[in-house]
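Q: What follows is a predicted structure for the sequence shown.
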Amino acid sequence: MSIRWTAGLVAVLIGVAACGDGTSSSSSSTSGSPSSPSSTIAATSTTSAVPASAAPGPVLPDQAVLPVMLFVNGIVYDLAEVPAPEIIDIGQSSLPYAGPPVFTEEGLLVATGESYDATVTLFPADGGDPVELARGVGSFALSPDGQRLAWAEPTPTEPGGETLLVEVAFPSGQVLYTTTFSGFPFPDVDRPVGFADVVTYVGDNVLLMTGDGAVATAAVWTPATGRVTMASGYGSGIAGNTGGSSVVLSQGDGLCGVIASIGDDGSVTPPDGGFVNDTLDCSASWAPTFSLDGAVIASAGTQGETGPPILLLTSTEGSELTRLPIKDVAGQYFQPHTIRWLDNETLLLLASSFDSSRTEYWDEEWGIWRCHTQDSECDLAQAIAFSPTDFNQVALVDAAQ
């Protein structure tokens, strides 16, 4: 689906043991008053976006027309036009922690600033001034219908820290629910770790990644009840999107993908990911993403641990459908980042690659590959070439469904 910007926005912007409960407290609000100063929702105008020129420069050599927007080191490009105009310059994002910019009917939703201390801002589609929605944010997610926004505010308090989970109505910013997450009790662990990241919405619930190291686990926050339910045996770092109540979670802290379903009460089926035998190929479970009709899961990785890059298509029942070779990967090591279905047969893959000889972590080759479920391979549709300046941030702009 091609995303088109309104004239007003262009004018302004160019000029993630058994199930249990975490230690938490919850409150709901109908007055719109946040429960902490850091989650103040105010119609406060921020500094206007830096004007951006219309020339893409060296970022998109031999540009192809693609129905997506691309974020590269602070600038959003609209690839539906040639040359791709620079829609907005938002500066350094909080990627990869907070998540990519999200395009909505109301405008562009972005998180900028330092990691785990981000500012969430809406650049309105009607051409109004940018609106600051929250500060001190570690991660955020917009519901598929674009009506609710959830974020996490981590606080490094002693002994194990805690995280304020907030859900608001979007775009009004009226606070709906808040929950303070203080961590799960683990055997042989002196103190709970109250860190949490928001990953994605699953129905009315919010998938979380909680804890750290040996006590890291996926969890499900049910905002209406304030319950945070441990998803025992699961991690959530590879979750791309959801298909109704279904989501692909990592098995423990590994990369093997498990197709799981999340109930209205936050319960996860199968109940313990560590004992699931049927998983997606562990070498090709990156960025699992459901097709628009929810019938197929696309993920990417390599053919075995050291084989060539592939796109893996799997049915929602877990049966492998096909593998498509990914052609023209420049580097020795292949890293998929995002899969975006354009329709139920065509998708785009954002990925990077690098060689063992690189001297800086940002020294990577980036590109967008186009794949069709009936084709024999994925072709490089767009190379992305730029000179990093101490940070390397590339993402496909997300979109509310």
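A: Ah, there it is.

Q: low-scoring pLDDT stretches of the protein, where are they?
A: The model of the chain has pLDDT under 70 over residues 1-58, 94-98, 157-159, 236-239, 358-362, 388-391, 400-401.

Q: So which residue is dead centre in it?
A: With distances taken as Cα atoms, centre = their mean, G99 lies nearest the centre of the chain, 4.6 Å away.

Q: and it, how far is that from G183?
A: 23 Å (Cβ to Cβ, to the nearest Å). C-beta coordinates here come from the backbone N, C-alpha and C atoms, glycine included.

Q: same question, Q335
A: In terms of Cβ to Cβ, Q335 sits 31 Å off from G183.

Q: For V166, grab the count of nearby residues.
A: V166 has 26 neighbours, counted by other Cβ atoms under 10 Å.

Q: now L164
A: L164: 23 neighbours (other Cβ under 10 Å).

Q: Helix or strand: which one has it?
A: Per DSSP states H and E, L164 falls inside strand 162-169.

Q: got the buried residues for that strand?
A: E162, T163, L164, L165, V166, E167, V168 (16 or more other Cβ atoms under 10 Å).

Q: What lies in contact with it?
A: 34-36, 38-39, 41, 133-134, 138, 147-155, 174-183, 194-196, 198, 206, 208, 221, 223, 228 (Cβ atoms under 8 Å, 6 or more residues apart in numbering).

Q: Domain ranges for the chain, per the record?
A: What automatic domain parsing lists as the domains of the chain is 1-49+90-276, 280-401.

Q: in its sheet, what does the one helix or strand A152 maps to sit against?
A: A152 is part of strand 148-155 when elements are defined by DSSP H and E. Strand pairing for strand 148-155, using DSSP bridges, gives strand 139-142 (antiparallel), strand 162-169 (antiparallel).

Q: Please identify which of these is closest to T322.
A: Closest of the strands paired with strand 148-155 to T322 is strand 139-142, at 30.3 Å (criterion: Cβ to Cβ).

Q: In CSV, could you pull the C-alpha coordinates for the closest one?
A: The C-alpha trace of strand 139-142 is given here as CSV (Å, rounded to 0.1, in the frame of the first residue of the first chain):
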residue,chain,number,x,y,z
SER,A,139,10.2,1.8,23.9
PHE,A,140,6.7,2.3,22.5
ALA,A,141,4.1,0.5,20.3
LEU,A,142,1.0,1.6,18.5
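
Q: How far away from the center of its chain is it?
A: 8 Å (Cα atoms, centre = their mean, to the nearest Å).

Q: try stretch 319-338
A: With Cα atoms, centre = their mean, you get 20 Å for stretch 319-338.

Q: Just the buried positions in it, please.
A: Buried residues in stretch 319-338 (16+ other Cβ under 10 Å): L324, I326, V329, G331, F334, Q335, P336, H337, T338.
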